[in-house]
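Undergrad: Here is a sequence together with a model predicted from it:
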Amino acid sequence: MKAAILVELNQPLVVADIDAPRDLAFGQVRVKVHYSGICGAQLNEIEGAKGPDKFLPHLLGHEGSATVLGVGPVVKTVSKVDWEVMLWWQSDGF
């Protein structure tokens with residue numbers, strides 16, 4: 001699948017093919033992303049507004065819509081084929 005990857009601060013995102021893990025681990029959900037956006041906080045992240053990023057490289061676009069393709073062990077709040085709105089929000093995840 002194609003992904004826009006933040007590899008280096010203050011540089012264009014790198015669009016590349018990446019492989020998703022075949023097996024889902026505890027609490028993971030696999031989705032097909034239909035639409036995704038980059039929020040203001042992530043624009044600041046690209047520009048390094050908060051200083052160095054110790055997690056480079058990584059993907060952006062945590063706000064979007066998707067269809068659930070599969071769920072890992074113990075996931076009970078979503079099921080295969082559910083439509084979901086994605087966002088970053090800490091939760092108990094199950």
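TA: Arrived safely. The shown structure was predicted, so the numbers you read here are calculated from the model rather than taken from an experiment.
Undergrad: mind listing the helices in this structure by residue range?
TA: For the chain, the helices defined by DSSP state H occupy 40-47.
Undergrad: for the residue nearest the centre of it, what are its contacts?
TA: For the chain, the residue nearest the mean C-alpha position is H62 (4.9 Å; C-alpha atoms, centre = their mean). Each residue near H62 by C-beta atoms under 8 Å, 6 or more residues apart in numbering is listed here: 36, 39, 42, 86-88. (Each C-beta comes from the backbone N, C-alpha and C, glycine too.)
Undergrad: export these to TSV and tack on pLDDT, neighbour count and distance to V14?
TA: Output for these, formatted as TSV (pLDDT from 0 to 100; neighbours: other C-beta atoms under 10 Å; distance: C-beta to C-beta, whole Å):
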residue	pLDDT	neighbour count	distance to V14
S36	88	15	16
C39	86	14	20
Q42	89	16	15
M86	84	17	21
L87	78	9	24
W88	73	9	21
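Undergrad: Read off the pLDDT value for the residue nearest to the centre of the chain.
TA: With respect to pLDDT, H62 scores 80.
Undergrad: low-confidence ranges in this structure?
TA: 90-94 (pLDDT under 70).
Undergrad: switch to 90 and redo it
TA: For the chain, applying pLDDT under 90 flags the ranges 1-4, 20-22, 27-28, 36-39, 41-42, 50, 53-55, 59-63, 76-77, 84-94.
Undergrad: From E47, how far out is the residue lying closest to D53 once chain neighbours are set aside?
TA: Of all residues beyond its chain neighbours, the one nearest D53 is L9 (6.2 Å), with distances taken as C-beta to C-beta, 6 or more residues apart in numbering. From L9 across to E47, the span is 7 Å (C-beta to C-beta, to the nearest Å).
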